[in-house]
Each structure stands twice: as C-alpha cells, then as structure tokens.
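J.: Test case, fold it:
(5 chains)
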Amino acid sequence: MCGRYSTGKVSKKKYEKTLNTKLENISSRYNIAPGQKNPVISTHKNSTSLSSMNWGLVPNWAKDPNPKIKPINARAETLSEKPSFKDLFLKQRCLIPADGYYEWQVTGTNKIPHYIHLPNMSTFAFAGIWDHWKRDDCNTLLSYSIITTEAAEPIRFIHHRMPVILPEKHWQKWLDPSVPVHSLPEILQDCRNDCTYRTVSDLVNKVSNDGPELTAAVPRKKQDEFDFI
DNA sequence: CCAGACGTTGTT
DNA sequence: GTCTGG
DNA sequence: CCAGACGTTGTT
DNA sequence: GTCTGG
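T.: Numbers count the residues shown, from 1 in each chain, chains lettered A, B, ... in the order given. Down below sits the predicted model:
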C-alpha cells in the first residue's frame, strides 16, 4: 500500500514536458502523510494544473467535510465497482507527483521502514482519483486517494500491495476524462514494477520529521538476528 | 420500500 | 481496542 | 502510514 | 449520489 511518500527531488519540468502544460512549483518534502495538503495534477474544465489536495478522499456527497472514513488508498481491482470510487475512476483521475514512498516491513514485533523508488531516483507519478467537496457556507475541499495494486516482484517481500506508478507514456491519457473506458484497466496494468529499495531509519515514523536524511540508506538488523540476543 | 453504509490493510 | 491528528 | 490520545466539570 | 441489507 502507500501511507507515506516524498517529493524531495521531483522534476517539475518532467511533468510540464510530458503533459505539455505549465505548473506551479512543487515543494520538496520527504515525509508526506495522510491528512495533509499535497500537490496533485488534475485536468478540470479542459485545463491541466497542479492543486493542493487533501490526502484522504472526501466524496462530494459526504454530509461533513471531515467524515470518519477518508480512504487514502483505492484498490485498482475493484475501482469500477465501489460506489465511492466508480464515478471518479471514470471522470476524475489525477497524477500524484513523487519520487519515492515508504513501506513498513512487519517482521514479528518489528516494523522496518523501507524507501522504495525507481532506478536513478527518477521522478514519477502515482495514479489517483480525486473529488471536490462543497457546501454553500464552506470552502471547497479537494481530496485524493492513491490507487494500489499487487506489489512488484522485487519489493513483494516488504509488503504485498503497492501504489500504481504510471509510466510517462500514460500520463496524458490517464488525466483525459474523455479517454475510452476500456483503456483504463489497460493503463493500470501497464504500471512500473522496476522498483528498488533501501532500509531507512525510524525518523520517518514521526510525521514532524522532514528532510533528505529520511531517505538515507540505513542498515537494519533483521528480526531473526534479534531473536538470539 | 427505507436506513445506513460508502475503505484499505492485515490478522484471525 | 479504536479513533484522531499529522 | 505512525504516534498518541482516549473525559468531564468547573475554573482561570 | 448510489449501493446493500433487511
């Protein structure tokens, strides 16, 4: 799955070139957590732009802008069936700029954080869906959820689910609300699985920690080595 | 029909 | 255990 | 995702 | 809003 990620060294130019549009700046962050406002690229009324959206989907029909359940992830396999997601999957897809994400490997009583990224620390984009919540007397709330799928082979030992990382060739199609429905599952299945990883320190656990040191490789003992102490 | 949920992950 | 806040 | 709180009444 | 359960 995906519950923390980074935009530390993303290339805004890569998004601008691939999408043929001008975007606002993307701040460098190394510990993006659910519930925060983060940069998201979406196409609305024929224009593609970067907006600040809340991570954790608040559907437009929610009575309250702060409902109990705000999904941070949405399963790719069932997107077109779930009442909360199906309309958004058809018409409100988004790209989430990132250059890595964190996954905790649970071994016995230990939780070892790993930083997962593409070769060469390439800038990438998660596939997501977004929505727009509005009541007369309240400000508009934009929110999003990151789509997940089965984990790629190299990182499956860490966790069995991972966020969908879209190759650049699909970015424009993914954002286009008029793209034929049948191509959506094809795009999702053609996601990147050439991920690599490193163990990192526990600094990432605390949301208030933020900096390049969170992504630094830190050797960690495995659980079975602890067992003999 | 109305009332109530609408999600994921992981664990059992 | 479960919910909230970040 | 993880960390940290989880409550009321009354007083300042 | 739309779906599910009763």
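J.: mind checking how far the residue in chain A that DNA strand C sits nearest to is from DNA strand D?
T.: Residue nearest to DNA strand C within chain A (Cβ to the nearest atom of the strand): residue A:35, separated by 2.7 Å. For every residue, glycine as well, the C-beta is placed using N, CA and C. Using Cβ to the nearest atom of the strand, to the nearest Å, residue A:35 is found at 6 Å from DNA strand D.
J.: Can you name the residues that contact that residue?
T.: If you count contacts by Cβ atoms under 8 Å, 6 or more residues apart in numbering, residue A:35 has them with A:54-56, A:70.
J.: Mind doing that once more with 6 Å?
T.: Residue A:35 makes contact with residue A:56 under the criterion Cβ atoms under 6 Å, 6 or more residues apart in numbering.
J.: Just the pLDDT at it, thanks.
T.: In this prediction, residue A:35 carries a pLDDT score of 97.
J.: Looks to me like it is in a helix.
T.: No: going by DSSP: H, G, I helix; E, B strand; the rest coil, the assignment for residue A:35 is coil, not a helix.
J.: tell me which strands and helices the helix or strand where residue A:113 lies is in contact with?
T.: Using DSSP states H and E, residue A:113 sits within strand A:110-117. Secondary-structure packing of strand A:110-117 (3 or more Cβ pairs under 6 Å, 6 or more residues apart in numbering; DSSP states H and E): strand A:100-107, strand A:196-199.
J.: so can I have JSON lines of those strands showing mean pLDDT and distance to residue A:18?
T.: Converted to JSON lines, those look like this (pLDDT from 0 to 100; distance: least, Cβ to Cβ, whole Å):
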{"stretch": "strand A:100-107", "mean pLDDT": "96", "distance to residue A:18": "19"}
{"stretch": "strand A:196-199", "mean pLDDT": "98", "distance to residue A:18": "22"}
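J.: could these go into CSV alongside distance to residue A:49 and mean neighbour count?
T.: As requested, these are exported to CSV (distance: least, Cβ to Cβ, whole Å; neighbours: other Cβ atoms under 10 Å):
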stretch, distance to residue A:49, mean neighbour count
strand A:100-107, 23, 20
strand A:196-199, 31, 16
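J.: want to throw these into CSV with distance to DNA strand D?
T.: Putting the helices and strands packed on strand A:110-117 into CSV (distance: least, Cβ to the nearest atom of the strand, whole Å) gives the following:
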stretch, distance to DNA strand D
strand A:100-107, 4
strand A:196-199, 14
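J.: Spatially nearest residue to residue A:80 (excluding sequence neighbours)?
T.: residue A:86 (5.3 Å; Cβ to Cβ, 6 or more residues apart in numbering).
J.: Can you name the residue of chain A nearest DNA strand E?
T.: For chain A, Cβ to the nearest atom of the strand, closest residue to DNA strand E: residue A:61, 3.6 Å.
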